[in-house]
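Generate coordinates for the sequence data below:
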Amino acid sequence: MARVVWFVSQLRSSDHVIVVGAGLAGWRFVESLRAEGFQGALTLVGDEPYAPYDRPPLSKQVLTGKWEVGKATLASPQKLAESGVTLRLGVRAAQLDVESTSVRLSDDSLLVGTHVVLATGSRARPLSFASSGALDTLRTRDDLVHLDGVLASLAPQSVAAVIGGGFVGAEVATSMKARGLVPVVLEAAERPLTAAVGEEASTWLLPLAANAEVELRTNQHLNNVIMSDHGFVLDFDDGTHLDARAVLAAVGSTLDLEWLANSGLTLDEGVVVDGDFQAATRVAAIGDVARFVLRSAIGEEVVRIEHWQIATEHAAELAHFWMSGERSKGVMVPYFWSDQYGQKIQMLGHPHPSDDVVLVSGSPDEGRWLAIYSRDHLVSGLLSLSHPRHLALAKPLLESPTKLNDALASASWLS
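Purely as a prediction, here's the structure:
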C-alpha cells in the first residue's frame, strides 16, 4: 500500500473542526483537543440522539442490571458545556467534500469547517431471515433497551439463543445467565475466538462456558430462524432444531463507509490513513474506522483494530499532532479485555492468529494463566485469563524488541 504524507498546518483559534461520530473516539478527540488548548469551533455529529456514551458496559453491567443505562454516558451535561462543542445528534453524515472540508447531513443541512475527523466507529453486522426478519443485535443504546425489554419479559429458565460465540456473544450469554435465563451459544466454527487468539489459545478458553454452566454448541450452521407462537425455532443444516424464546445475533461488526464512496478518500476495509491519521489534507480518521499504521516494538503494519483503548489513543495523538505538529515517536501497545463466563480475558499487543504461543504461568486447569505470542522469535503479544498482575508485569516485553528466549529467561511476570 502506498504511503502518502499529507500537508498539515497547526490548528488556530479561527479554525472549525467537524467531528463525525459521537462515540468514544469522537468524544475523546473533543476532550483531547480542548486539553491541548484549542479554542476554535468544534461540531460533533452523531447519528444517535444521545450524548456520547461508552459501549462495553452495555453487554456487561447494564444488561445484568448492575447499572442504569445512563451510567454509561461519557459526556455529562457539565462536560458538554465545558467543552463548548456544538452537537448535531440524531442525524447522519451523508456526504463528505474533501476539498471544502464540508459535510452534508441526512437532513440536507451543510456543515463547513476547516478540518474534519472521521470517527464513525463500527456497527453490528445484521442477520436476517425471511421468516423472522432482522434479529436483535447489541451495539447501540437502543439495541440495549430493546433487548433488555425482551429478556425482562421472559420467565425464569427460558431458553435464549445467542448466534455467535465471540466476545459480545459470550458477554451477553453471561448476562443472560445472571438474569436466570438459559442461554445457548451457537458458534459456527470449531471453537470460538480462533480468529482473535489463534488455534491453540482458543482450546485453552473453550472450557469457560461449560465451567459457567452455559451451553456452547460449536460447528453450528443455521438454515433458518422461524418465528413461532412461543418465540423462535432455529433450524440447522443437520436437520436438528432449537426452540428459543429470544434470539440475539452476535456475528461481528461492519463499517459505515457508503457515504464516503465518492469522497476521493482511499477505502480499504476502513479509511486508509498515514502514520499521523491523515486521510487527506485536513481530513483525518481515528478509532474503529481507521486503517492505520501500527508502530509496535517489532515493526510497522497497516491494520484496523476495534479496541476501546485504540480509539482513546488515536484521539489523543491526533489532537496533539494537529495542535503542535509533533509526531508520535512511541510504540502503541493495543489492549482489549472481555468479561465472560465469570472470567476476565485480556490481551496486550497485536499478535497474529498464526503466531507461536506458549503458556508461561498458570494453566487452563487452574483457570488462570498467562501466555506469550511470538513472531520470528520476537514477542508479539500477551494473553491472560484472570491473571491481571502477571500481565501488567510482562507488558514491558512489548515496549521494545524482545527475543522470546530472553523473555522466558527473565520471567518478568514473576517479579
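
what about the stretch 201-350 of the chain, any weak spots by pLDDT?
Judged by pLDDT under 70, the stretch 201-350 of the chain has no weakly predicted residues.

Do you have the strands of it handy? List them.
For the stretch 201-350 of the chain, applying DSSP state E, counting those that start in this stretch gives strands covering 215-217, 222-228, 231-236, 241-244, 246-249, 253-255, 271-272, 278-280, 283-285, 290-296, 299-303, 335-340, 343-349.

Would you mind saying which of those lies nearest Thr174?
Proximity to Thr174, assessed across the strands of the stretch 201-350 of the chain by CB to CB, is greatest for strand 335-340 (5.2 Å). Backbone N, C-alpha and C define where each C-beta goes, glycine included.

and that closest one with strand 343-349, angle?
Using axes from the mean of the first three to the mean of the last three CA atoms, to 10 degrees, the direction of strand 335-340 lies 170 degrees away from that of strand 343-349.

Counting by contacts, list what strand 335-340 packs against.
helix 167-178, helix 308-324, strand 343-349 (3 or more CB pairs under 8 Å, 6 or more residues apart in numbering; DSSP states H and E).

Out of the ones you listed, which is closest to Gly37?
The closest of the helices and strands packed on strand 335-340 to Gly37 is helix 308-324. By CB to CB, the value is 6.4 Å.

which residues are in contact with that closest one?
8, 10-11, 23-26, 28-29, 31-33, 35-38, 54-56, 115, 117, 119, 121, 276-277, 284, 286-288, 290, 292, 326-328, 332, 334-336 (CB atoms under 8 Å, 6 or more residues apart in numbering).

Show me which of those residues are buried.
Neighbour counting by 16 or more other CB atoms under 10 Å classes 8, 11, 23-26, 28-29, 31-33, 38, 54-56, 115, 117, 119, 121, 276-277, 284, 286-288, 290, 292, 328, 332, 334-336 among those as buried.

could the strands of the stretch 201-350 of the chain go into a markdown table alongside distance to Pro207?
What follows is these, written out as a markdown table (distance: least, CB to CB, whole Å):
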| stretch | distance to Pro207 |
| --- | --- |
| strand 215-217 | 9 |
| strand 222-228 | 24 |
| strand 231-236 | 23 |
| strand 241-244 | 22 |
| strand 246-249 | 23 |
| strand 253-255 | 27 |
| strand 271-272 | 39 |
| strand 278-280 | 43 |
| strand 283-285 | 39 |
| strand 290-296 | 31 |
| strand 299-303 | 30 |
| strand 335-340 | 12 |
| strand 343-349 | 10 |
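
and the chain, what are its domains?
What automatic domain parsing lists as the domains of the chain is 16-121+256-324, 126-252, 351-414.

now the helices: where do they sit in the protein?
24-35, 77-83, 141-152, 167-178, 194-197, 199-205, 208-211, 308-324, 388-394, 404-410 (DSSP state H).

Of all those, which one is nearest Ile226?
Closest to Ile226 of the helices of the chain is helix 141-152 (CB to CB; 17.1 Å).

what does the closest one rub up against?
48, 50, 53, 58, 62-63, 69, 72, 124, 136-138, 160, 172, 176, 179, 181, 246, 248.

do the same with stretch 69-83
24, 27, 30-31, 34, 42, 50-55, 57-58, 61-62, 87, 141, 144-145.

what number of residues lie near Ile305?
By other CB atoms under 10 Å, the residues close to Ile305 number 19.

I figured it hits Met332, correct?
No: with contact defined as CB atoms under 8 Å, Ile305 does not reach Met332; the gap is 9.4 Å.

Could you pull out the residues contacting both of those two?
By CB under 8 Å, 6+ apart, the residues touching both Ile305 and Met332 are Leu294.

Next up, the contacts around Ala411.
Residues in contact with Ala411, defined by CB under 8 Å, 6+ apart, are Val360.

Report the separation between the residue positioned nearest the centre of the chain and Gly164.
Central residue of the chain (CA atoms, centre = their mean): Glu306, 3.6 Å from the mean position. According to CB to CB, to the nearest Å, Glu306 and Gly164 sit 15 Å apart.

For Ala72, see how far away Gln61 is.
Counting by CB to CB - Gln61 and Ala72 are separated by 8 Å.

which residues touch Glu306?
Shown in contact with Glu306 (CB under 8 Å, 6+ apart): Ser122, Ser253, Asp288.
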